[in-house]
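Requesting a structural model of the entry that follows:
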Amino acid sequence: MKAMYLREKAMDTFVLLQASWPVNKASQLVRLLKPTHVIVHRTDPRDYYYLYTVAEALRDLAAAPDEMSVHEAFNLHEHQATPTLDGYARLGAAPDRVVMVEEGQVNGFFDAAAAPPQSAPRSRGMTDLKDAAPITRSLSAEFPEQVRLEETHSLLVSLSIEMGKGPALPIALPSGSKVEVVVQPRLGFALEGIGEGTLTVSGTDEMLPLQFKLKAIALGPGRVRILAFHLGQPLGTVTLAPVVVEATEPASAERRSHEERVEPTSIGQPDFSLLILEDHAGGKPSFTFKLSAMDSALDLNFKSFGPITLRTDPLLYFEEFFKDIETMDLRTAEGRTKAELHLGAKGAHLFETVVPQDLQAQLWSLWSPRNRIRSIQVQSEEPWIPWELCKLQGRENGRIVEGPFLCEAFAMTRWLLETPLKPHLTLKKMALVVPSDSRLPFAPKEEDYVLSLAGGNRSVEKVRARFAELISTLAKGEYDGWHFTGHGGFRAPDPNRSVMFLENAEEMTPEDLSGSVRNLGLARPLVFLNACQIGNSAMSLTGIGGWAAKFLRAGAGAFMGAYWSIYDQAAHDFAKAFYGQMLSGKTVGVAVQAARAEVKASGDPTWLAYTVFAHPLARVA
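So this is what the prediction gives:
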């Protein structure tokens, strides 16, 4: 009998409470969301988690005064903390109660005494093409469940006609289509040799599998990720969680895989896709680039560039990078001219330092008024680099010539690896959140404009910017658009502690988008956090470990936010231009590109501040 991972039985019907909250805030949230369980997060002296049934939690909360802290009401002690495990821990070895924590975030829990909720089975999503009849194949990855330390074993990745007995990634593509495979050891293993290969979808016999060599280098739970792509677009992920045991222990030969699927894509693909894979070289972040183009004449199918290695701490570097932009003096025409030159220099330097030279030349050749290349999607898992701000440059007649910024030259969007693409947006029921005490002069104008978008089959409803009301409304999953206007702030070094400031000094953090609040993704909303933070000298709301990742992983169809402090009027103008373009039928990529161009004319660097996570060809249906 095969072992079962914790994530396969974990539940997400919980509400996350902070130990520092007052009892009345916690009680209100629990009663509004009606979860089955409550998880309390304590951060002093380190992270501890405490799992309760909702009955247990309400009992202790009811017995405590309203202003008492949750910490005191539950009488939290370190020795009482609920054990935490990774989602790929073996369920058979898990205690009866456990909190599932992955990459520092609570993603679920297991309670042996609680029956899992009944839910409809999820569809086995596939990626298809509209131009040819697809055939179905199963992408599987085989590797031992246990491997002895220092031993090397083969990882076999194949496309099969049969679905097989274990989990597998279903793929639907026309016969002859290429499936690019990338193997990434994440924990406990190292590649020996090449970590990439290509499989071909065949309409007849099964093809020979790709073979990769993995060496066990560290004892304990391991992790290996297999990414699948077609023409640069993600098909899905297979994750392996083998355990590395002592060389003297017997090792199991059982093989198993776990799949993460993407959803059907039928609206076409961007002109080209840039995949950025992170690794480490000498303890420093290293990046390899894969460029794919829809136009076969360009001969760009998963073409590799790099790697490049960052020599300084990227978090500290880009905090200073954005702080420098925030302090530019824009009060005079001379100041705005200097700011434009300064931004150009920063963009050119970024392009020269984080983009390999051969890729620089390739991107320069792709950008041309005569070229049909218009849209680009950047898929990346690093949280620091504002790829939008890279300023194209090349050589002509022996001289260096500067071009536009990457986000100016192309209809550009970003996306996160392992997160299902959402190619369709609706915007039929939008939610508007504007704190009444933000004191932003243009906030009322932006509020009036967003409310004016209502009409026909579209409604726009105000949601009060109070914590409990906002969280409970998100959890309903009824709104396919969320627009926030106000203040936000980044809290280094953990982007999951970043804040949106609500009314009456209440705060909301990315961590609050946990448990049942993740139902916000049921409507696949476009989320636009138009947060102005003038005077704050830190990165804004888009750290990939923060707001963007939490909304997208909850199921949002698109996310927009600013890298740095943005100016009130320019932020209003950008929002107005963006929605005007989107609701006139433009794609997300084109709408953002046009909005940038409109705001750029004012001389305010806000036009470059926005990052957009979406399918670049998505439209409002």
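
contacts for stretch 432-443?
Here stretch 432-443 makes contact (CB atoms under 8 Å, 6 or more residues apart in numbering) with 444, 446-447, 450-451, 460-463, 465, 470, 482-487, 501-504, 532, 568-569, 571-572. Where C-beta positions appear, they are placed from N, C-alpha and C, glycine not excepted.

Which positions within that stretch qualify as buried?
Buried residues in stretch 432-443, defined by neighbour count with 16 or more other CB atoms under 10 Å: 432-435, 438, 440, 442-443.

you'd agree residue 362 is in a strand?
No: read with DSSP: H, G, I helix; E, B strand; the rest coil, residue 362 is helix and lies in no strand.

what about the stretch 251-400 of the chain, any weak spots by pLDDT?
251-267, 315, 369-372, 383 (pLDDT under 70).

Strands along that one, start to end?
258-261, 272-281, 284-293, 303-309, 375-380, 391-396, 399-405 (DSSP state E, counting those that start in this stretch).

repeat for the stretch 501-621 of the chain
For the stretch 501-621 of the chain, strands defined by DSSP E, counting those that start in this stretch occupy the ranges 507-508, 526-531, 558-562, 610-613, 619-620.

Spatially nearest residue to the residue nearest to the spatial centre of the chain (excluding sequence neighbours)?
Nearest to the centroid of the C-alpha atoms of the chain, with distances taken as CA atoms, centre = their mean, sits residue 549, at 3.3 Å. For residue 549, ignoring the flanking residues on the chain, the nearest one in space by CB to CB, 6 or more residues apart in numbering is residue 416 at 6.3 Å.

got the contact list for that neighbour?
By CB under 8 Å, 6+ apart, the neighbours of residue 416 are 379-381, 544, 548-549, 552-553, 613.

cool, and residue 579?
Counting by CB under 8 Å, 6+ apart, residue 579 has contacts 449-450, 453.

quick one on the thing from earlier: from the buried residues of stretch 432-443, which ones fall inside strands?
Counting by DSSP state E, the part of the buried residues of stretch 432-443 found in strands is 432-433.

so, if you compare the buried residues of stretch 432-443, which one comes nearest to residue 605?
For those, the closest approach to residue 605 (CB to CB) belongs to residue 442, at 16.9 Å.

hmm, back to that, what subset of the contacts of residue 579 is buried?
Counted by 16+ other CB under 10 Å, these give 449-450, 453 as buried.

Out of the residues you listed, which comes closest to residue 30?
Scanning the buried ones among the contacts of residue 579 for proximity to residue 30, where the rule is CB to CB, the winner is residue 450, at 31.2 Å.

Quick one: name whatever helix or strand follows the helix or strand the closest one falls within.
Here residue 450 sits within helix 443-451, counting by DSSP states H and E. Note on helix 443-451: by DSSP H and E, the next helix or strand toward the C-terminus is strand 459-462.

buried set for that next one?
residue 460.

following it, which helix or strand shows up next?
Note on strand 459-462: by DSSP H and E, the next helix or strand toward the C-terminus is helix 467-476.

need the next SSE after that following helix, C-terminal direction.
Per DSSP H and E, the helix or strand that comes after helix 467-476 is strand 481-486.

With only the CA atoms kept, save that next one in CSV.
This file holds the C-alpha atoms of strand 481-486, laid out as CSV (Å, rounded to 0.1, in the frame of the first residue of the first chain):
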residue,chain,number,x,y,z
GLY,A,481,-13.0,42.2,-9.2
TRP,A,482,-11.4,43.8,-6.1
HIS,A,483,-10.1,47.4,-6.2
PHE,A,484,-8.3,48.8,-3.2
THR,A,485,-7.4,52.5,-2.9
GLY,A,486,-5.3,53.6,0.1
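
hey, where'd the helices end up in this protein?
23-33, 54-62, 70-74, 314-326, 333-354, 357-366, 406-409, 443-451, 467-476, 547-553, 568-582, 588-600, 606-609 (DSSP state H).

Please tell me how far residue 523 sits from residue 426.
Distance from residue 523 to residue 426, counting by CB to CB, to the nearest Å: 8 Å.

ok, the two, which is more surrounded?
residue 523 (21 against 17; other CB atoms under 10 Å).

The spatially closest residue to the more buried one that is not a sequence neighbour: what's it in contact with?
Spatial nearest neighbour of residue 523, chain neighbours left out: residue 480 (4.2 Å); criterion: CB to CB, 6+ apart. Contacts for residue 480 (CB under 8 Å, 6+ apart) come out as 425-430, 523-526, 557.

buried subset of these?
425-427, 429-430, 523-526, 557.

Buried ones among the contacts of residue 416?
379-381, 544, 548-549, 552-553, 613.

Any chance of CSV for those, columns distance to residue 197?
Listed next are those as CSV, based on distance: CB to CB, whole Å:
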residue, distance to residue 197
379, 19
380, 22
381, 20
544, 27
548, 31
549, 29
552, 28
553, 28
613, 29
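
Go through these and say which is closest to residue 219.
Checking these one by one against residue 219 (CB to CB), the nearest turns out to be residue 381, at 25.8 Å.

what's around residue 227, how many residues?
23.

For the nearest residue to it once chain neighbours are set aside, give me its contacts.
Distance criterion CB to CB, 6+ apart; nearest residue to residue 227, sequence neighbours excluded, is residue 182 at 4.4 Å. By CB under 8 Å, 6+ apart, the residues touching residue 182 are 195-196, 226-227, 229, 277, 290.

tell me which residues form a beta bridge with residue 182?
residue 196, residue 227 (DSSP bridges).

Could you chop the chain up by domain?
6-111, 135-266, 284-415, 420-620 (automatic domain parsing).

Can you give me the end-to-end span of the third one?
Translated: domain 284-415. Domain 284-415 stretches 23 Å from its first residue to its last (CA to CA, to the nearest Å).

Off-centre distance for that domain?
20 Å (CA atoms, centre = their mean, to the nearest Å).

residues contacting the residue lying closest to residue 187 once chain neighbours are set aside?
Spatial nearest neighbour of residue 187, excluding adjacent residues (CB to CB, 6+ apart): residue 223 at 4.0 Å. Neighbouring residues of residue 223 by CB under 8 Å, 6+ apart: 88, 185-189, 239-241.

Which of those sits closest to residue 517?
Nearest member of these to residue 517, counting by CB to CB, is residue 88, at 23.8 Å.

Backbone torsions only: list them for that closest one.
Per-residue torsions, residue 88: phi -100, psi 10 (degrees, to the nearest 10).

how about JSON lines for the contacts of residue 480, with distance to residue 357 added?
Output for the contacts of residue 480, formatted as JSON lines (distance: CB to CB, whole Å):
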{"residue": "425", "distance to residue 357": "37"}
{"residue": "426", "distance to residue 357": "43"}
{"residue": "427", "distance to residue 357": "42"}
{"residue": "428", "distance to residue 357": "47"}
{"residue": "429", "distance to residue 357": "48"}
{"residue": "430", "distance to residue 357": "45"}
{"residue": "523", "distance to residue 357": "44"}
{"residue": "524", "distance to residue 357": "39"}
{"residue": "525", "distance to residue 357": "40"}
{"residue": "526", "distance to residue 357": "37"}
{"residue": "557", "distance to residue 357": "36"}
